[in-house]
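Asker: Show me the folded form of this:
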Amino acid sequence: MNNWALVLAAGAGSRLRKLTTTHTGVAVPKQFCSLQGGASLLQEALHRAEAVAPRQRICTIVAAQHRRWWEGPLWSLPRENVIVQPENRGTAAGLLLPILHIEARDPDARIVVLPSDHYVRDEATLARALRHTTTHLRDDPHSLYLLGVTPDEADPELGYVVPGRVLSRGVFQVDEFVEKPPLPLARSLIDRGGLWNSFILAATARAFIDLFAKRYPEIVMEMRSVVRHDIAEPGDAVAAADLYARLPELDFSRHVLEGAEKSLRVVAVPPCGWSDLGTPRRVAEALRRLEDTERTDTTFAATAYLNLAAQHARHQFAG
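Answerer: Next up is the predicted model:
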């Protein structure tokens with residue numbers, strides 16, 4: 001089995017539009033912005049992926065309409081590792097398409113899925129958790145592992161996962177998911193051992209695809225056909241565009257994971273200064289806590305299109 005990493009970078013980031021719109025009115029997708037200058041959130045995620053996979057096995061999914069933003073920053077990835085979806089049909093399609101691409105190249109792949117809108121202050125702690133999680137897939141290739149971050153406060157804007165039975169050190173069955181609970185409930189969940197749902201996932205390609213196929217076998221079959229076409233004729237995107245035009249909008253958590261808790265595992269990650277930067281308040285909170293950390297230069301290092309810290313300061317001043 002080989003480790004692969006998949007960075008999700010096709011979202012529009014509409015909840016952060018206030019901060020990601022330039023003074024000229026251009027809306028920059030948040031994954032192409034930086035938190036505090038320097039590399040973009042996408043480039044940080046690509047660097048994060050290097051903890052578990054070499055560059056030739058790091059893939060990303062991007063949106064066709066964002067080409068102006070990603071074409072330059074992704075020059076160092078192999079061309080076949082940049083998977084373009086023709087339009088947004090929810091997180092389920094955004095996962096299934098690239099996972100099928102990886103499966104076509106490596107049927108026994110172990111895949112770590114990393115969103116591109118995260119900030120992590122202590123990358124070393126998260127990297128250890130990522131590597132620890134991939135080792136479990138060798139002995140447990142049929143389960144899906146979710147990384148749950150130990151909270152350092154109650155936050156009603158985040159999702160929570162409540163661990164159940166202990167399976168091994170730091171690994172639990174999933175007892176319950178709670179999405180964006182009111183503050184009192186968030187505190188109660190933390191008292192019960194609740195973890196922040198990071199949406200960082202790890203599973204074999206087969207386990208991911210089996211989860212989809214149990215609910216949407218026709219979609220899996222059609223998308224697999226599209227992937228075969230794309231691989232054979234990479235310059236022709238007609239098949240993918242036709243399928244996406246007919247796809248329902250499906251959320252991975254709600255439409256695929258819900259009801260599949262028996263096959264889910266959660267790995268508890270120690271506090272590491274993690275934030276998902278999903279809303280202006282989350283960005284402000286991350287900036288408030290931000291500590292200067294040295295970054296190692298990588299082939300992904302480059303300046304982002306927009307600095308969220310500067311945007312946040314500009315809006316505060318304007319307000």
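
Asker: Model confidence for the residue lying closest to Arg187 once chain neighbours are set aside, exactly?
Answerer: If the residues on either side of it in the chain are set aside, Arg187 comes closest to Ala154, at 4.4 Å by C-beta to C-beta, 6 or more residues apart in numbering. Backbone N, C-alpha and C define where each C-beta goes, glycine included. At Ala154, the pLDDT value in this model is 92.

Asker: Just say helix, strand or coil for Ala154.
Answerer: coil (DSSP: H, G, I helix; E, B strand; the rest coil).

Asker: Name all residues that make contact with it.
Answerer: Leu183, Ala186, Arg187, Ile190 (C-beta atoms under 8 Å, 6 or more residues apart in numbering).

Asker: tell me the SS of the last one?
Answerer: So the one you mean is Ile190. Criterion first, three-state DSSP; result for Ile190: helix.

Asker: The closest residue to it other than its chain neighbours sits in which helix or strand?
Answerer: Of all residues not flanking Ile190 in the chain, Pro151 sits nearest, at 5.3 Å (C-beta to C-beta, 6+ apart). Using DSSP states H and E, Pro151 maps to neither a helix nor a strand.

Asker: can you count the residues close to Pro151?
Answerer: 18 (other C-beta atoms under 10 Å).

Asker: Look up how far Arg15 lies from it.
Answerer: Relative to Arg15, Pro151 is positioned 21 Å away (C-beta to C-beta, to the nearest Å).

Asker: same question, Arg314
Answerer: 19 Å.

Asker: Neighbour count: those two, which is higher?
Answerer: Arg15 (17 against 13).

Asker: Ramachandran angles for that one?
Answerer: phi -70, psi -20 (degrees, to the nearest 10).

Asker: do Phe32 as well
Answerer: With angles defined as degrees, to the nearest 10, Phe32 sits at phi -100, psi 10.

Asker: That one contacts Leu42, doesn't it?
Answerer: Yes. The pair Phe32 and Leu42 qualifies as a contact (C-beta atoms under 8 Å) at a distance of 6.1 Å.

Asker: neighbour-wise, which of those two wins?
Answerer: Using other C-beta under 10 Å as the criterion, Phe32 and Leu42 rank with Leu42 on top: 27 against 24.

Asker: For whichever strand or helix holds the more buried one, which helices and strands make contact with it?
Answerer: Using DSSP H and E, Leu42 falls within helix 41-49. Here helix 41-49 touches strand 3-9, strand 58-63, strand 110-115, strand 119-120, helix 123-139, going by 3 or more C-beta pairs under 8 Å, 6 or more residues apart in numbering; DSSP states H and E.
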